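# Give the three-dimensional model of this entry:
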Amino acid sequence: MNNSILTNSMRGNVCRAVLTCILLAMSAGAFADDLSFLLNSVWSKLSSEDIGLAESAALGLLKDGKLGQSRDWANPNSTAKGTLKVVRVFRSQEGFSCKTLRAENSAGGLHGGAAYPVCEVKPGDWKIYSGATPASR
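The predicted structure follows:
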């Protein structure tokens, strides 16, 4: 995907979505008030370059991904790699175009994964929307 066509706003919003997915994927079983789990998580092992590669994979799937389609990313300069997969495509009750992305990431011998709905709340502005409910048919 040609990242030069993306506005800074689009990149920033998707970056926050990807970062949140990665962060939440690592938090299963952790207490909300104890963030020490991050010290020994995949999150702690990802570089900004790794996150940029994951972001590019997510952008491609959000823009053009179909149900069941996946994109791998890997950083040849580190041990980090991952797969993002579209596991659901739907229109929310509010009328947003949404996709649930499953993220599986590993780095430094650690692994984590989770799935989250991401909705296009306005053209090119994708946000994690945990309350997204499919519209009635």
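# For Lys85, which non-adjacent residue is spatially closest?
Spatial nearest neighbour of Lys85, excluding adjacent residues (C-beta to C-beta, 6 or more residues apart in numbering): Ser70 at 3.9 Å. Backbone N, C-alpha and C define where each C-beta goes, glycine included.
# Strands along this structure, start to end?
70-74, 81-91, 97-107, 110-122, 125-128 (DSSP state E).
# any idea which of those strands is most buried?
Across the strands of the chain, the average number of neighbours (mean count of other C-beta atoms under 10 Å) peaks for strand 97-107, which reaches a mean of 21.
# show me where pLDDT drops low in the protein?
Across the chain, the ranges flagged by pLDDT under 70 are 1-40, 137.
# tell me the contacts of Val115?
Quick fix: residue 115 reads Ala, not Val. Contacts for Ala115 (C-beta atoms under 8 Å, 6 or more residues apart in numbering) come out as Val87, Thr100, Leu101, Arg102, Ala103.
# Pipe those residues into a markdown table and attach distance to Leu110 per row.
Below are those laid out as a markdown table (distance: C-beta to C-beta, whole Å):
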| residue | distance to Leu110 |
| --- | --- |
| Val87 | 22 |
| Thr100 | 24 |
| Leu101 | 20 |
| Arg102 | 18 |
| Ala103 | 14 |
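# Looking at the residues you listed, spot the one nearest Gln93.
Within those, proximity to Gln93 (C-beta to C-beta) peaks at Thr100, which comes in at 15.2 Å.
# roughly how far apart are the closest one and Lys127?
Separation of Thr100 from Lys127 (C-beta to C-beta, to the nearest Å): 13 Å.
# what residues are shared contacts of these two?
Each of Val118 lies in contact with both Thr100 and Lys127 under the rule C-beta under 8 Å, 6+ apart.
# Settle this for me: the residue nearest to Lys85 is touching Thr83, isn't it.
Yes - counting by C-beta atoms under 8 Å, Ser70 touches Thr83, with 5.5 Å between them.
# any shared contact partners between these two?
With C-beta under 8 Å, 6+ apart applied, the contact sets of Ser70 and Thr83 do not overlap.
# picking up where we left off before, possible to save the strands of the chain as a markdown table with distance to Leu62?
As requested, the strands of the chain are exported to a markdown table (distance: least, C-beta to C-beta, whole Å):
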| stretch | distance to Leu62 |
| --- | --- |
| strand 70-74 | 10 |
| strand 81-91 | 9 |
| strand 97-107 | 6 |
| strand 110-122 | 6 |
| strand 125-128 | 5 |
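# Thanks a lot, catch you later.
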